[in-house]
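Undergrad: Got a predicted model here, sequence first, then my questions.
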Amino acid sequence: MPRFTVHVRNEWLTVPCKDATCSIKWLGFEALKRYIKNKPDNGGIQHIKDVHFGVKRCQGFGLLDNDDTIEDVLEDNDFVELAIEGDTMSQDFIPSQLGTSHLYLYIDNHHYISLDGNSLTSTDLVNLGKGLFKIKLTPEAEQKVVQSRELLDTIVKENKVVYGITTGFGKFAQTVIPVSKLKELQENLLRSHSSGLGSPLSPERTRMLLALRINVLAKGHSGISLETLHSMIQAFNASCLSYVPEKGTVGASGDLAPLSHLALGLMGEGKMWSPKSGWADAKYVLEAHGLKPISLKPKEGLALINGTQMITSLGAEAVERAEAIAQQADIIAALTLEVLKGTTKAFDSDIHELRPHPGQKEVALRFRSLLDSDHHPSEIAESHRFCDRVQDAYTMRCCPQVHGIVNDTIEFVKKIINTEINSATDNPMVFAERGETISGGNFHGEYPAKALDYLAIGVHELASISERRIERLCNPSLSELPAFLVNEGGLNSGFMIAHCTAAALVSENKVLCHPSSIDSLSTSAATEDHVSMGGWAARKALRVVEHVEQVLAIELLAACQGIEFLRPLRTTTPLEKVYDLVRATVKPWIKDRFMAPDIEAVHRLLVDQKVWNIAGPYIEKYCMEYIPESRPSSPTAFALDPPPSPRKRVRLE
């Protein structure tokens, strides 16, 4: 018999349906009957037949027709919202956020990443967040988890006094808890610590957070039971994701508040999201997927919430997106240089050998690979070959120096994030081979906090210099192009305010780049008297990266528009391919039109790394032909079809 979970005001109600040919209207009335049944005042409803309501899917928030039959529009165990006419939406209902979740629904797909606590990468974690893989444990990890748990069971059995296992927490570390109340101790820990505020993390980011916590527990130093860990994996694989507010962590003793919210949903309390249900009460979401709430054993509550996983999971996304936009920034800047009729002399390899920072040499190489006239003839470059210009403005000439340090910063931060991803950050740590637990401070978030503050400062510079190039494209006294890149100026404003948008984003970044990790406020009655503030470091690093992507999207649009005024001259082959990619998404500006969708469409190209996928193979091929030491063993390794991984980078060691 099919059944449905219906949200009415502040309650979730399970409604069985014997006849799937009944209408949506029937389902609504059945839910109303159950709602008013135990209400002293019938919930304020006097005559149920007089109630007018609408029924909407929780996921996608699509309105259903009351006359449709249930079997035509719903599937068994669907979640729906009943909105009564005249009511405001209930306080605890969280509508699905359209356009924010693109998780894959697994039916027959069985692609897995095996977690052992030692080998997960930031790239893997982002892919797990996107729903590209399920997860499982390696046999070695399972064995370590079992051994660690056996030690804790022995400690409890022998009534030993050990912090967090048989005692309270923080200021209550000296308070011994009776064995009969150890389960309640762990549950109370999660409930009291679930005190975060703000918007929930997106489903993708919550998947990353859950996957990373599982990976840390898989190291076998936290004392989690294999049963509980398997329950977490089952929830991850079904994309049953807890409501995790983004604010509330100070980043020492770990990300206590967000990780508590993450664990609370697994206990069947609070809210939870799945592709099937949208947002609903956690117990209903778990039940709809055939999952049982976890039942905490001694120390397991603490094992679930000690650590830097929110800082690190958001940091992994930030550094991956930073790497992608840094690669594409070189391509966009090269296109702008072509449009502004700049010279390639500043990218000569001999110049950069005299200041051999790896990132600087890498950027100069990319510019040469895209603009080398012998390798890629350019009609635009040929048109001004004998002009009297000696050198370009810094925003073009100094790209290797400015973009270069961004690359080196990203590489530095990525190393720290990948180390943190595979680090045990619990307390106390369980050492099964030594037969003891040891209290320490691995939960402190200073490492990822400092690194992500540095990432924000570094990657921001891509937007800062890009905004100046946009100014040069739009200013006719600097570009030899029509003002604001549009004909009939005055009647049309062209890119005038798009440049203002870029300037506004750069200005916001200046504030966001102020380091959060230089702050510390004593918490937990001075037990936690120095904290990292890493949660905000991660969140603002992500925002900075997004702003950088958006500014570069505006530059890419402007550069492509500039090419329109240089036609019929053509640029180099790889840059023409980039132009074609943009024009397949956004048409040229003949006259003013609604611009925001164009910017967002090109931003999406950059987020999906399509600019790199188009131009990257030409960069790789150039390296193969012109730099012998970078030549791969396989002659087809740099074939143009298919393109290489968007994460592959050319390094000059």
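TA: Okay, I see it.
Undergrad: Could you chop the protein up by domain?
TA: With domains defined by the TED database, the chain comprises 3-84, 112-306, 315-427+440-519+531-625.
Undergrad: Check what pLDDT residue 179 gets.
TA: pLDDT, residue 179: 86.
Undergrad: Was I right to think it contacts residue 156?
TA: Yes - judged on Cβ atoms under 8 Å, residue 179 makes contact with residue 156 at a distance of 6.5 Å. The C-beta positions use only the backbone N, C-alpha and C, and glycine is treated the same way.
Undergrad: which residues in the stretch 151-300 of the chain form strands?
TA: 197-200, 241-242, 245-247, 271-274, 278-281 (DSSP state E, counting those that start in this stretch).
Undergrad: Need those in a markdown table (columns: distance to residue 441 and mean pLDDT).
TA: Formatted as a markdown table, these follow (distance: least, Cβ to Cβ, whole Å; pLDDT from 0 to 100):
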| stretch | distance to residue 441 | mean pLDDT |
| --- | --- | --- |
| strand 197-200 | 26 | 94 |
| strand 241-242 | 27 | 97 |
| strand 245-247 | 24 | 96 |
| strand 271-274 | 32 | 92 |
| strand 278-281 | 36 | 85 |
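Undergrad: most packed of those?
TA: Burial of these is given as mean neighbour count (mean count of other Cβ atoms under 10 Å); strand 241-242 ranks first at a mean of 30.
Undergrad: tell me what it is packed against?
TA: Using 3 or more Cβ pairs under 8 Å, 6 or more residues apart in numbering; DSSP states H and E, the elements in contact with strand 241-242 are helix 203-217, helix 256-266, strand 271-274.
Undergrad: Send me the second one as CSV with only the CA atoms.
TA: Extracted C-alpha coordinates of helix 256-266, given in CSV (Å, rounded to 0.1, in the frame of the first residue of the first chain):
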residue,chain,number,x,y,z
LEU,A,256,31.1,21.6,17.2
ALA,A,257,27.8,23.3,16.2
PRO,A,258,27.6,22.3,12.5
LEU,A,259,28.9,18.8,13.2
SER,A,260,26.3,18.4,16.0
HIS,A,261,23.5,19.4,13.5
LEU,A,262,24.9,16.8,11.1
ALA,A,263,24.8,14.1,13.7
LEU,A,264,21.4,15.2,15.1
GLY,A,265,19.7,14.4,11.8
LEU,A,266,21.3,10.9,11.8
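Undergrad: who touches that helix?
TA: 189-191, 193-196, 201, 206, 209-210, 213, 231-232, 235, 240-246, 248-249, 270-272, 282, 285, 293-294, 301, 304-307, 309-310, 535 (Cβ atoms under 8 Å, 6 or more residues apart in numbering).
Undergrad: Quick test: name the residue nearest the centre of the chain.
TA: residue 317 (4.5 Å; Cα atoms, centre = their mean).
Undergrad: just checking, that one is part of a strand?
TA: No - assessed with DSSP: H, G, I helix; E, B strand; the rest coil, residue 317 is helix; it does not lie in a strand.
Undergrad: hang on, it packs against residue 126?
TA: Yes - under the criterion of Cβ under 8 Å, residue 317 makes contact with residue 126 at 5.7 Å.
Undergrad: about what we covered before: the domains of the chain: which one's closest to residue 434?
TA: The stretch from those with the least distance to residue 434 (Cβ to Cβ) is domain 112-306; that distance is 9.1 Å.
Undergrad: So which of the domains of the chain is nearest residue 525?
TA: Per Cβ to Cβ, nearest to residue 525 of these: domain 112-306, 4.3 Å.
Undergrad: Can you pull out the low-pLDDT segments for this structure?
TA: 60-61, 88-109, 627-653 (pLDDT under 70).
Undergrad: All the strands of the protein, in order from the start?
TA: For the chain, the strands defined by DSSP state E occupy 3-8, 11-16, 53-57, 63-64, 79-84, 112-115, 134-137, 197-200, 241-242, 245-247, 271-274, 278-281, 429-431, 436-438.
Undergrad: Same list, the ones you listed, but as TSV with distance to residue 609 please.
TA: Below are these laid out as TSV (distance: least, Cβ to Cβ, whole Å):
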stretch	distance to residue 609
strand 3-8	38
strand 11-16	40
strand 53-57	32
strand 63-64	36
strand 79-84	34
strand 112-115	20
strand 134-137	24
strand 197-200	26
strand 241-242	25
strand 245-247	25
strand 271-274	27
strand 278-281	29
strand 429-431	39
strand 436-438	43
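Undergrad: Residue 493: which of these is closest?
TA: In terms of Cβ to Cβ, the element of the strands of the chain nearest to residue 493 is strand 197-200, at 34.2 Å.
Undergrad: on contacts alone, who are the packing partners of that closest one?
TA: strand 245-247.
Undergrad: so what strands line up beside the strand it packs on?
TA: Paired strands of strand 245-247, with direction, are strand 197-200 (antiparallel) (DSSP bridges).
Undergrad: mind checking the end-to-end distance for stretch 197-211?
TA: Criterion Cα to Cα, to the nearest Å; first-to-last residue distance in stretch 197-211 is 22 Å.
Undergrad: Give me the distance from that stretch to the chain's centre.
TA: Distance, stretch centre to chain centre, for stretch 197-211: 9 Å (Cα atoms, centre = their mean, to the nearest Å).
Undergrad: For that stretch, buried residues please.
TA: The neighbour-count check on stretch 197-211 (16 or more other Cβ atoms under 10 Å) flags 200-211 as buried.
Undergrad: Quick check: the farthest pair among these?
TA: 200 and 211 (17.0 Å).
Undergrad: and the gap between residue 31 and residue 44?
TA: 16 Å (Cβ to Cβ, to the nearest Å).
Undergrad: would JSON lines of the domains of the chain with distance to residue 434 be doable?
TA: As requested, the domains of the chain are exported to JSON lines (distance: least, Cβ to Cβ, whole Å):
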{"stretch": "domain 3-84", "distance to residue 434": "47"}
{"stretch": "domain 112-306", "distance to residue 434": "9"}
{"stretch": "domain 315-427+440-519+531-625", "distance to residue 434": "14"}
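Undergrad: can you tell which of the ones you listed is closest to residue 433?
TA: Ranking the domains of the chain by proximity to residue 433 (Cβ to Cβ) places domain 112-306 first, at 7.9 Å.
Undergrad: Quote the end-to-end distance of the closest one.
TA: 26 Å.
Undergrad: Run the chain-centre distance for that domain.
TA: Distance, centroid of domain 112-306 to centroid of chain: 20 Å (Cα atoms, centre = their mean).
Undergrad: Equivalent analysis for stretch 579-593, please.
TA: Distance, centroid of stretch 579-593 to centroid of chain: 29 Å (Cα atoms, centre = their mean).
Undergrad: For that stretch, output the C-alpha coordinates as PDB.
TA: Taking C-alpha atoms only, stretch 579-593 is exported to PDB below (Å, rounded to 0.1, in the frame of the first residue of the first chain):
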ATOM      1  CA  TYR A 579      35.200  33.000 -28.400                       C
ATOM      2  CA  ASP A 580      33.100  30.400 -30.200                       C
ATOM      3  CA  LEU A 581      32.300  28.800 -26.800                       C
ATOM      4  CA  VAL A 582      31.100  32.100 -25.400                       C
ATOM      5  CA  ARG A 583      29.100  32.900 -28.500                       C
ATOM      6  CA  ALA A 584      27.400  29.600 -28.400                       C
ATOM      7  CA  THR A 585      26.000  30.800 -25.000                       C
ATOM      8  CA  VAL A 586      25.700  34.600 -25.400                       C
ATOM      9  CA  LYS A 587      25.200  36.500 -28.600                       C
ATOM     10  CA  PRO A 588      27.000  39.700 -29.500                       C
ATOM     11  CA  TRP A 589      25.700  43.000 -28.100                       C
ATOM     12  CA  ILE A 590      24.200  45.000 -31.000                       C
ATOM     13  CA  LYS A 591      22.000  47.100 -28.700                       C
ATOM     14  CA  ASP A 592      21.300  47.100 -25.000                       C
ATOM     15  CA  ARG A 593      19.500  44.200 -23.500                       C
END
